[in-house]
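> What shape does this take:
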Amino acid sequence: MTDGAADWSLPAGGELDGVVIRERLEPGWRSLWFGAEQSRLSRRLALKILREEFAGNSAVRNAFFEAGRQNAAILHPAAIPVINLYPGRNCLAFQPAPGRPLREFRGKLASAALAGVGEAIMDCLSSLHATGRGHGCLTPGNIFLDGGLNVQLGDFFQPPAFVHQGSLRAGWPEFAPPGLPESGDWRSDVFSLGKCLIFAAAPGEAESGTVLFARALAAGEPRPETGSPRDILDRFGRLRRREEKETEGGPEAASRRPRRRYRRIPAVFEVSLRRRSANPIETAAILSRVRDIGESGVFVETDDESIGTGSVLEMNFRVKGAEGDVHAFGIVRWVSSPPLIRGVGVQFVEIDLEGLSLLRRFLARGSGRQ
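This is a model prediction of the structure:
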């Protein structure tokens, strides 16, 4: 089958539930991609449509939509969100990815840029791994960079291999770990990330700390020095800071994306959380008001299993031995569970300036990284 307009019944100018097809994008190995516009909201979309040869396989089709439903629940800033599902058209609608895919940067990125990409992707993956899930299909085709090296990740939960018409099909054998372990295994993701960074490394960076670390990640089985997902995230952060210091004043340092981190609330605070109900429209409005505290948010320990990703929380922080509370509202970005400490990563959406100053002051005392 070719990649012509016959692959889909809505050519450029066609309409689907108020979504107008504007252009064909570069196709994937089992999907076609289109640029579109949702006229009611005046926003651009990217549509991913299963090729006909795969849409006829019920197992592949069901996995395609299940992946879309799970992807829609991810609220991490580096995750490209799913906006809608169109089962009748075998189609998923995404927010358009920024910039260009990493596959267009083969052999072009300096070590500082590679470390920034590794840190941004591991930040997203670590929050996902804390829920017991993994990306499962990391390749240079679903990591996107814009001109400022901001990084986003798409195509979550698509298996790296499956049986189609009686034979095993693998979409990206170069980046899948040996033996194709379970896609939810975090070791599979870090192997693929190492391969992606090696793929994008400029020739002169072969002996840099970032490339050597990427080789360790892509060694098949994670070596002792690579550690857990959080250890790997910390290592990328240290590499990025070191590379930025060495290239201070260069174009990479000027264009680096802000580091996304969550600080553990120090023991000096007594914290109470109360879940606040919010419908999807309210949640979207709340997300537009996220307040930074110099990091990306805070990690708060809680045993309340009703609090999950996307929950809106009313929070009170009381400094032990002091009068008065810090009152704030936040939204849960990720949840950790056993064997990790049970808790939530929260970004603030409402907090008074005095309370914000107090939190910053205590968090700056080295409360520890989550």
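> does Phe329 really touch Asp352, like I thought?
No. Assessed by Cβ atoms under 8 Å, Phe329 is found out of contact with Asp352, at 11.0 Å. Using the backbone N, CA and C atoms, a C-beta is placed for each residue, glycine as well.
> Have a look at those two and say which one is more surrounded.
Phe329 (17 against 11; other Cβ atoms under 10 Å).
> Contact partners for that one?
Arg276, Ile286, Val312, Leu313, Glu314, Met315, Phe348, Val349, Glu350, Ile351 (Cβ atoms under 8 Å, 6 or more residues apart in numbering).
> repeat that with 6 Å
If you count contacts by Cβ atoms under 6 Å, 6 or more residues apart in numbering, Phe329 has them with Glu314, Val349, Glu350.
> for Leu355, what are its contacts?
For residue 355 the amino acid is Gly, not Leu. By Cβ under 6 Å, 6+ apart, the neighbours of Gly355 are Val326.
> so what's it scoring on pLDDT?
Gly355 is assigned a predicted lDDT (pLDDT) of 76.
> before we move on, what about Gly56?
81.
> now swap in the one 4 residues further on and tell me
According to the predicted model, the pLDDT of Val60 comes to 82.
> what helix or strand does it sit in?
Val60 is located in helix 58-72, with elements delineated by DSSP states H and E.
> which among the contacts of Phe329 end up buried?
Neighbour-count burial (16 or more other Cβ atoms under 10 Å) applied to the contacts of Phe329 gives Val349.
> sec struct for Arg263, please.
Of the three states, Arg263 takes strand under DSSP: H, G, I helix; E, B strand; the rest coil.
> Identify the bridge partners of it.
Val298, Arg369 (DSSP bridges).
> isn't it right next to Leu363, touching?
Yes. Using Cβ atoms under 6 Å, Arg263 is in contact with Leu363, at 4.7 Å.
> The two: who's more crowded?
Arg263 (23 against 19).
> next structured bit after the longest strand along the chain?
Across the chain, the longest stretch assigned as strand under DSSP state E is strand 325-336. Downstream of strand 325-336, the next assigned helix or strand under DSSP H and E is strand 343-351.
> strands paired with the longest strand of the chain, and their directions?
Counting by DSSP bridges, strand 325-336 is paired with strand 312-319 (antiparallel), strand 343-351 (antiparallel).
> and that strand, how far from the chain's centre?
Offset of strand 325-336 from its chain centre (Cα atoms, centre = their mean, to the nearest Å): 19 Å.
> Also stretch 33-42?
In terms of Cα atoms, centre = their mean, the centre of stretch 33-42 is set 23 Å apart from its chain centre.
> go on, stretch 42-60?
21 Å.
> What is the end-to-end distance of stretch 190-208?
19 Å (Cα to Cα, to the nearest Å).
> Please enumerate the strands of the stretch 101-250 of the chain.
143-145, 151-153, 161-164, 167-170 (DSSP state E, counting those that start in this stretch).
> Just the mean pLDDT for the second one, thanks.
Spelled out, it's strand 151-153. 87.
> Next, the buried residues of it.
For strand 151-153, by 16+ other Cβ under 10 Å, it's Val151, Gln152, Leu153.
> Give the burial count for Glu37, as a bare number.
If we define neighbours as other Cβ under 10 Å, then Glu37 has 17 of them.
> Now do the contacts for it.
Contacts of Glu37 (Cβ under 6 Å, 6+ apart): Val20, Arg22, Arg44.
> Now restrict those residues to buried residues only.
For the contacts of Glu37, a burial check counting by 16+ other Cβ under 10 Å picks out Arg22.
> quick one: buried residues of stretch 65-83?
For stretch 65-83, by 16+ other Cβ under 10 Å, it's 65, 67-68, 71-72, 74-83.
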